[in-house]
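Colleague: what follows is a predicted protein model with its sequence.
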Amino acid sequence: MTFADLHRIYHQPFFDLLKQARAVHDEHWTGNEVQLCTLLSIKTGGCSEDCGYCAQSARYSTGVQAEKLMPKEQIMERALAARASGSTRFCMGAAWKGVRKGTQKFDQVLDIVRDVSKLGMEVCVTLGQLGAEEATDLKEAGVTAYNHNVDTSPEHYPNIVSTHTFEDRLSTIRHAQDAGMSVCCGGILGLGETIEDRLKMLEVISNFNPQPESIPINALMPIKGTPMGDNEVVDSFAFIRMIAVTRIAVPKAKVRLSAGRTNLSREAQALAYFAGANSIFYGDKLLTAANPRANEDMKLLRDLGLAAQQPNPDMEAPEATEGRPLMPCCTEEHACEMEKANGCC
């Protein structure tokens with residue numbers, strides 16, 4: 001979808017936007033179901049990156065201590081507890097710049113994935129940058145989906161992080177898709193961006209080929225000690241507008257309410273579900289931040305007449321559409337060699 005289309009859709013009157021988003025949702029999703037996902041940090045803190053929003057960067061004093069990779073036995077306990085509480089997707093995140101084939105830490109992660117994949121849940125990991133070989137190994141080990149957010153627009157991205165580029169993000173996403181994994185890719189609102197940046201981010205995501213299987217929409221939870229620790233909390237109506245536009249732009253993707261949900265009232269969350277959100281991170285904690293309690297989430301779902309979606313660990317990744325570039329075409333200002341190779345720019 002083009003930026004002009006997204007701009008027009010976003011700036012409709014609020015209720016007109018919600019009505020359009022709900023119609024798109026009902027066309028593609030039936031059963032009033034919500035996917036419940038549990039996110040576990042299996043390696044916390046000490047990251048070498050300088051992402052300006054992240055409490056886990058070793059460059060900032062946030063109170064988050066660097067830890068080693070969690071033992072597999074502890075991870076399995078958490079995975080079993082997540083399954084018992086109703087989660088159907090288990091997401092594991094590690095605070096690394098990336099992983100490399102042949103290293104001890106990558107072999108350990110593969111071993112963990114193999115065991116978690118036997119539990120009947122969908123398996124998602126977020127491990128930073130991936131090469132083609134690493135992506136293939138993760139797929140073969142049992143990973144259902146790889147999470148790698150683009151965070152914001154290509155134009156605003158250099159203001160957020162300097163230790164990698166927006167094109168690096170696209171490269172990892174391409175490797176994950178080429179390996180046959182579904183891609184979970186979204187962004188973060190509240191990074192000092194404009195509305196136009198948010199829509200340009202969504203333009204990039206909606207033009208992936210294939211489109212992402214799921215799109216997490218995060219609202220920044222400002223962390224003291226990070227460069228963005230004093231940023232303002234995202235307005236609820238602006239957040240819900242982005243949920244609605246995302247649903248319209250990528251109809252077949254799960255749209256996930258992610259970080260920042262503690263700042264949304266029950267009523268605001270209900271509006272987000274109506275606007276097309278059909279997935280949440282479920283459980284009392286995300287990677288390092290608080291999350292609504294599981295019993296509170298289940299009560300809200302019951303009050304809204306929503307049910308938990310069943311797991312689909314054998315889910316096939318979306319297929320690319322013939323005749324379209326594999327990655328979105330970039331602007332002349334942000335041309336990159338990878339996109340040129342795909343017939344863009």
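Modeller: On my side now, so go ahead. Residues are numbered from 1 along each chain as shown.
Colleague: next one: V150 from F237, what distance?
Modeller: 23 Å (CB to CB, to the nearest Å). The C-beta positions use only the backbone N, C-alpha and C, and glycine is treated the same way.
Colleague: what of E73?
Modeller: Relative to F237, E73 is positioned 45 Å away (CB to CB).
Colleague: repeat for L39
Modeller: Where F237 is concerned, L39 sits at a distance of 26 Å (CB to CB).
Colleague: which one of these two is surrounded by more residues?
Modeller: More crowded of L39 and F237, by other CB atoms under 10 Å: L39, with 25 against 10.
Colleague: contacting residues around L202?
Modeller: M1, L6, G187, M242, V245, T246, A249 (CB atoms under 8 Å, 6 or more residues apart in numbering).
Colleague: try it again at 7 Å.
Modeller: Residues in contact with L202, defined by CB atoms under 7 Å, 6 or more residues apart in numbering, are L6, V245, T246, A249.
Colleague: swap in T163?
Modeller: S48, E49, D50.
Colleague: who wins for neighbours among these?
Modeller: E49 leads these on contacts (other CB under 10 Å) with 20 neighbours.
Colleague: apart from its chain neighbours, what residue comes closest to that one?
Modeller: T163 (4.7 Å; CB to CB, 6 or more residues apart in numbering).
Colleague: can you classify that neighbour by secondary structure?
Modeller: Under DSSP: H, G, I helix; E, B strand; the rest coil, T163 falls in the coil class.
Colleague: returning to what we had before: save the contacts of T163 as JSON lines, and put in secondary structure, distance to Q12 and pLDDT too.
Modeller: As requested, those are exported to JSON lines (DSSP: H, G, I helix; E, B strand; the rest coil; distance: CB to CB, whole Å; pLDDT from 0 to 100):
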{"residue": "S48", "secondary structure": "coil", "distance to Q12": "43", "pLDDT": "79"}
{"residue": "E49", "secondary structure": "coil", "distance to Q12": "37", "pLDDT": "84"}
{"residue": "D50", "secondary structure": "coil", "distance to Q12": "37", "pLDDT": "81"}
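Colleague: what is the nearest of those residues to N278?
Modeller: E49 (30.6 Å; CB to CB).
Colleague: which is the next helix or strand following whatever helix or strand Y273 lives in?
Modeller: Here Y273, judged by DSSP states H and E, is contained in helix 266-274. The element immediately downstream of helix 266-274 (helix or strand, assigned by DSSP H and E) is strand 279-281.
Colleague: need the contact partners of the next helix-or-strand element following that following strand.
Modeller: Remark: after strand 279-281, the chain's next helix or strand is helix 294-304, criterion DSSP H and E. Residues external to helix 294-304 that are found in contact with it (CB under 7 Å, 6+ apart): V34, S85, R266, Q269, A270, Y273, I280, Y282, G283, D284.
Colleague: among these, name the buried ones.
Modeller: Among the contacts of helix 294-304, the ones that count as buried by 16 or more other CB atoms under 10 Å are V34, Q269, A270, Y273, I280, Y282, G283.
Colleague: looking at those, spot the one nearest R89.
Modeller: Y282 (9.1 Å).
Colleague: for that closest one, report the pLDDT, please.
Modeller: For Y282, the pLDDT comes out at 78.
Colleague: cool, T331 as well?
Modeller: Residue-level pLDDT assigned to T331 equals 44.
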